[in-house]
Structure formats: structure tokens, C-alpha cells
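Visitor: would you be able to build a 3D model of this:
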Amino acid sequence: MFTQGREKKIFIIDGFKVCWGCVKLAINANRMSTVFKDEGKLSLDYVPPHLPHREKELKILATTFKPLISSPGKILPRVIIRGQLGTGKTALSKRFGLDFEKYALEKKVNVKYVHVNCRAEGSFYNALKNIILQNFKKDFPRRGYSAQELLEFLVDILNRNNIFMILTLDELESLIRKEGSEPLFNLTRFYEDKPPNMLRRIALICIFREPECEEVFKMIDRSTLSTLGFHVIRLEKYTSNQLKDILEWRVREAFKENTVLPDTIELIADLSGKFGDARFAIELLWLAGKYAENEGSKKVKPEHVRNAQAYAHPSIKIEDLKLLSLHEKLLLLSVCRLLKENATAYIPMGEVEREYNVVCEEFKEKPRAHVQLWKYVKSLSLTGIISTKSSSKGQRGKTTLIGLPVSAEKLEKEILKIIGC
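Guide: Next up, the predicted model:
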């Protein structure tokens, strides 16, 4: 249903081509959006002014790099940021860089933040060349230099212009796999043979993706690894509640007021909470908005999320549905119909059971007892076909709430097809 490139995904939704990660989007380009206020706020390149649940890490970075302001050029701060996909490593570093540049300007220190994606650049040589071309010297010759000569040239530019640079090497594991520890060695040991009074110009933030980084650390010699310092920021996966906070911020920035239902945000947070992945959560939010926009709907509903989930992260296979017993299929059919009819993310177990009885009557089947239904629910939840959660404190009594990770309407059609209707 989609193809994935280096920087973006292309989705085909009901005949429309849409591109996740691009600010320019093809769908409904000729008419005003029914739901979006500023779609660019959902782009992969967008750096929000506030990063919920990463405030502590921003403070650690600010404290670590403070010597660049208090004693410019005397100490070179170096930090490792590590975490799994979607934990906010890139956003954290970029937000810090933008804020620190402004702070340094107030203190009359010329600090330049530069962010390099090592996977995209492909080599240390390309990374250095593009840093120079894009930030300092647009007419710089593209050939004729070694990587070490480019590094010397970059430091010379920084010296002549009295600039202190914070260089972030994102997805550094990809560069080390290709070139070993030499790029890091050259960066961290650059000043060893220089005069002791020479000002140090390049501070480092090294971003590694888990779990790949464990293998990569073994490829770096111990002495080079030690030069990166002892400042390691490890970003844990986001919880569902934390993702909900992130989504609420993005909704306020990207969507028109009151267009995204609270249940929609809750469903996206729960679905992406299984992975702790903010990038996936924002992708789901964007795709759900696209579904709503394509329908001409003025509200982004849970069913739009289920449709989006089918494209963004398919989790139910037809083969798995065929292996279910008849009554498991009938129970699943009940859940589909209730969720399709109601603009809610979850349905209480009691309502599902009542609908199941109606469905059994429709198919001339004797309903199974409550205990057996409960076993079906547990089994379906374990296989990922349904999602379950306990009701919140605000609701009367404690009950199990049942939802779906995919479109209720599409799943209903598949079940009926399998049953033979």
C-alpha cells in the first residue's frame, strides 16, 4: 500500500497520492482544507517550540554546553544522545540548537548550530563538504580535497570568523559502519597537535539509534570512545499518556479549532503507545486528517484513525481472521459494527456482549456464555486483532473497553466475506 524512500513515505489513499514527511502535499491541493490549519506543523522537518516530556533533557544539554558561553573555546562539550526510533532524538537536538544560538547571541558569543544526518550524507567527506557549502562558502570547490583537508578548512573558516560550532552528527551509526571510528577520531583529536592557546571551535552532539548503537560501539576503539566524554542522554520510549500530550500540542498547531475529537487523540496515543514512537503517532494523526479532508468531513474521528492505521502500520492479516472460530468472528463483527456506528475509540464489554447476542440471532447461532466471550476477548487481544484497556476512574464501575487497530468498516467487510455473506 505504500513505498518507503530515504526521507519520506508515499501513500495512495482512495486514489489520492500523499507524501508523509513533505510540507507540500498533493491531496486536495486545489481546495481549502476542512480540518487543517497549518499542515506543515506535522512535517518531519518541523521543530516545535515546545517538546513535552523532554524538558529535563533540554536542561541537561543547556548545562553541558554552558562553557561555550562562559569560557568560549576553552572547553569542548561533547554529548551522546541515544534512543529508539521516535523517541525525539533529532527534535531534542534541533530544539536545543535553535534555543542555544539565540541565548549565545544575547551573550554576544557567535555560536552556529549545524545538524548533519550521516545516513543521508553517506560519508564524512560529503558531510564536511556540505557543511561548508551550505553554511559558509557557497562557491567552495566541490572536489580536490581529502576529508582531513576539508576539516582543516572548516576550522580555518571558524577561526577567521570567530565562530563556535555545535555540530550534531545524527544517525552516526551509519557513518561508523561505513568508515569505522576514523571520522570521530579526526574530530575529537583535531586539537592535539595544535598550539595549546588555540581556541577550540567544534563541540559535538552524537546521536545514535538503539539498539543498533550497541553493535557500533564495539567498532569504535576505546580511546576514541573515551574522547566523546561521559555525558550520555538516553531517551526512553514515550508512554501513551506522554504521546497524548504531544498529540494535543500538534493538534493545536496543525488543525482548526475543535476539529480533532478527544477520542481520536486517545486512540492514536494508545495505538502508538505500544511502540513508544512519537513519529508514528504524528504520522497517524496526519493520515487521519487526510482521510477526514478527503471525505469533506469537518471532524477527525476515530474511524479516520483506523483507516490511517491500515496504511501506516498494518497489523491484521486475512490469514489470521480465517483461523478464528465462527463465534470469535461474530464477536469481532459486533465490535466492528458498534465502533462504526459510534464516534468513539472504545466500546465497553457489556455493549459488545449485547451486540454479539443480536449478531448471533442474525446468523441463527446460539450465543456463547459470558466466560467464553471473555476468553475470546483475551485471545483476540493477545494476537493484536483487538485492543483492550480498563475503563478510567471517571466512569461508573470498572469494565473492559474494546477497540480496533484498523478500520472497523473494512474489517467488517472482510469478516462477512470470510463467513460467506
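Visitor: residue 401 belongs to a strand?
Guide: Yes. Inclusion of residue 401 in a strand is indicated when DSSP: H, G, I helix; E, B strand; the rest coil is applied.
Visitor: middle-most residue in the chain, spatially?
Guide: Geometric centre of the chain, nearest residue: residue 279, 1.5 Å, by CA atoms, centre = their mean.
Visitor: quick check, that residue in a helix?
Guide: Yes. Residue 279 forms part of a helix when assessed by three-state DSSP.
Visitor: spatially, what comes nearest to it if we skip its sequence neighbours?
Guide: residue 86 (4.1 Å; CB to CB, 6 or more residues apart in numbering). Where you see a C-beta, it was placed from the backbone N, CA and C, and this is true even at glycine.
Visitor: the residue nearest to the centre of the chain: what's it in contact with?
Guide: 44, 85, 86 (CB atoms under 8 Å, 6 or more residues apart in numbering).
Visitor: are any of those buried, and which?
Guide: Buried by 16 or more other CB atoms under 10 Å: 44, 86, out of those.
Visitor: return the closest of the contacts of residue 279 with respect to residue 187.
Guide: residue 85 (25.1 Å; CB to CB).
Visitor: how about the strands in the chain?
Guide: Along the chain, counting by DSSP state E, strands occupy 2-4, 9-13, 16-20, 78-83, 111-117, 164-170, 202-209, 231-235, 347-348, 387-390, 400-403.
Visitor: okay, buried residues for stretch 100-117 please.
Guide: So for stretch 100-117, counting by 16+ other CB under 10 Å, buried means 100, 103, 104, 109, 111, 112, 113, 114, 115, 116, 117.
Visitor: quick one: which two of those residues are the most distant?
Guide: Top of the distance list for those (CB to CB): 109 and 117, 26.4 Å.
Visitor: please tell me how far residue 297 sits from residue 340.
Guide: 15 Å (CB to CB, to the nearest Å).
Visitor: same check, this time on residue 307
Guide: Separation of residue 307 from residue 340 (CB to CB) stands at 11 Å.
Visitor: the more surrounded of these two?
Guide: Shown here are residue 307 and residue 340; by other CB atoms under 10 Å, residue 307 has more neighbours (25 against 17).
Visitor: coming back round to it: so who does the residue nearest to residue 279 touch?
Guide: Listed by CB under 8 Å, 6+ apart, the contact set of residue 86 reads 237, 238, 272, 275, 276, 277, 278, 279, 280, 281.
Visitor: if I pick the second one, what's in contact with it?
Guide: Going back to what we said before, that points to residue 238. 53, 86, 87, 88, 246, 273, 276, 277, 278, 281.
Visitor: check the fifth one too.
Guide: Residues touching residue 276, when contacts are defined by CB under 8 Å, 6+ apart, comprise 84, 86, 87, 236, 237, 238, 239, 243.
Visitor: same check, this time on the fourth one
Guide: By CB under 8 Å, 6+ apart, the contact set of residue 275 is 86, 237.
Visitor: so which of the contacts of residue 276 is the most crowded?
Guide: Neighbour max across those (other CB under 10 Å) = residue 243, 28 neighbours.
Visitor: spatially, what comes nearest to that one if we skip its sequence neighbours?
Guide: Nearest one to residue 243, counting by CB to CB, 6+ apart, is residue 269 at 4.4 Å.
Visitor: for burial, what's the neighbour tally of the one you found?
Guide: Residue 269 has 24 nearby residues by other CB under 10 Å.
Visitor: equivalent analysis for the one 3 residues further on, please.
Guide: Other residues near residue 272 come to 28 when the count uses other CB under 10 Å.
Visitor: so residue 289 touches residue 35, yeah?
Guide: Yes. At 5.3 Å, residue 289 and residue 35 qualify as touching, with contact defined as CB atoms under 8 Å.
Visitor: look at those two and report which has more neighbours.
Guide: Taking neighbours as other CB under 10 Å, residue 289 and residue 35 compare with residue 289 leading, 27 against 23.
Visitor: how close does that one sit to residue 265?
Guide: For residue 289, the distance to residue 265 - CB to CB - is 12 Å.
Visitor: do the same with residue 160
Guide: Distance, residue 160 to residue 265, using CB to CB: 51 Å.
Visitor: likewise for residue 41?
Guide: 15 Å.
Visitor: got the contact list for residue 216?
Guide: Here residue 216 is in contact with 172, 173, 176, 177, 208 (CB under 8 Å, 6+ apart).
Visitor: counting neighbours, what do you get for the closest residue in space to the last one that isn't next to it in sequence?
Guide: Counting by CB to CB, 6+ apart, residue 208 lies nearest to residue 82, which is 4.5 Å off, once chain neighbours are set aside. The local packing of residue 82 (other CB under 10 Å) involves 22 other residues.
Visitor: coming back round to it: mind listing the shared neighbours of residue 307 and residue 340?
Guide: Counting by CB under 8 Å, 6+ apart, the common neighbours of residue 307 and residue 340 are residue 409.
Visitor: state the pLDDT value of the residue lying closest to residue 146 once chain neighbours are set aside.
Guide: Of all residues not flanking residue 146 in the chain, residue 125 sits nearest, at 7.5 Å (CB to CB, 6+ apart). pLDDT recorded at residue 125 is 94.
Visitor: try residue 396
Guide: 58.
Visitor: and what of the one 4 residues further on?
Guide: Residue 400 is assigned a predicted lDDT (pLDDT) of 91.
Visitor: quick one, what contacts it?
Guide: Per CB under 8 Å, 6+ apart, neighbours of residue 400: 348, 349, 377, 388, 389, 390, 391.
Visitor: kindly report the same for residue 366.
Guide: So residue 366 contacts residue 360 (CB under 8 Å, 6+ apart).
Visitor: swap in residue 126?
Guide: Applying CB under 8 Å, 6+ apart, no residues qualify as near residue 126.
Visitor: from residue 133, how far out is it?
Guide: 10 Å.
Visitor: next: residue 354.
Guide: From residue 354 over to residue 133 the distance is 67 Å, taken as CB to CB.
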